[in-house]
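**Q** Fold the stuff below for me.
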Amino acid sequence: MADLVKKIDALEVEKALEIGRLASSQFLIIMEAIKAFEEGLNPDEEVAVKLTSFGQSVTMVVTAIGYHDPKIIDFYGLVNGRHAHLIQNISQLNFLILASPISNPERVGQKIGFLA
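**A** Below is the predicted model of the structure:
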């Protein structure tokens, strides 16, 4: 009986680890981090992320984030004022969250939309 309990416990741990490896789990972690960061922004700032996976540094003003299980996170926004969509594998997620001044003073800073 004790061996059976150990096997069940091991399966539960394995299942929990697998769930943690899904894009949906990473999406929730990113969402909470960005929401907490947004709370500290001034009215004339919005969230941008600095991406470093292109051999160069690219700053994206993020307008929305989504995911596709098991491994894809989507970032939508603007790079140098042009619409952009980054499709990122969760194994390659590395970015810096930044406060970015709003480029158009007539526009109010927007919160990021989370597309679940």
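**Q** Residue 114 - how many residues pack around it?
**A** Residue 114 has 15 neighbouring residues, counting by other C-beta atoms under 10 Å. Bear in mind the C-beta positions are built from the backbone N, C-alpha and C, glycine included.
**Q** Quick check: which element contains it?
**A** For residue 114, the host element (DSSP states H and E) is strand 113-115.
**Q** surely residue 64 meets residue 112?
**A** Yes. Residue 64 lies in contact with residue 112 (C-beta atoms under 8 Å); the separation is 6.4 Å.
**Q** which of the two has more neighbours?
**A** residue 112 (22 against 14).
**Q** Give the other helices and strands that the lengthiest strand in the chain contacts.
**A** Across the chain, the longest stretch assigned as strand under DSSP state E is strand 58-68. If contacts are counted by 3 or more C-beta pairs under 8 Å, 6 or more residues apart in numbering; DSSP states H and E, strand 58-68 sits against helix 23-39, strand 45-51, strand 72-79, strand 95-101, strand 113-115.
**Q** Now that strand: buried residues?
**A** 58-63, 65-67 (16 or more other C-beta atoms under 10 Å).
**Q** what angle separates it from strand 45-51?
**A** Put simply, strand 58-68 runs at 90 degrees to strand 45-51, going by axes from the mean of the first three to the mean of the last three C-alpha atoms, to 10 degrees.
**Q** Strand 58-68 to strand 95-101, inter-axis angle?
**A** Going by the same axes, to 10 degrees, strand 58-68 makes 120 degrees with strand 95-101.
**Q** Do me a favour and average the pLDDT over strand 58-68.
**A** Average pLDDT, strand 58-68: 91.
**Q** now stretch 39-49
**A** 89.
**Q** what residues does it touch?
**A** With C-beta atoms under 8 Å, 6 or more residues apart in numbering as the test, stretch 39-49 has contacts from 34, 37-38, 59-62, 75, 77, 95-102, 105, 108-110, 112.
**Q** from what I can see residue 91 touches residue 71, true?
**A** Yes. At 7.1 Å, residue 91 counts as touching residue 71 under the criterion of C-beta under 8 Å.
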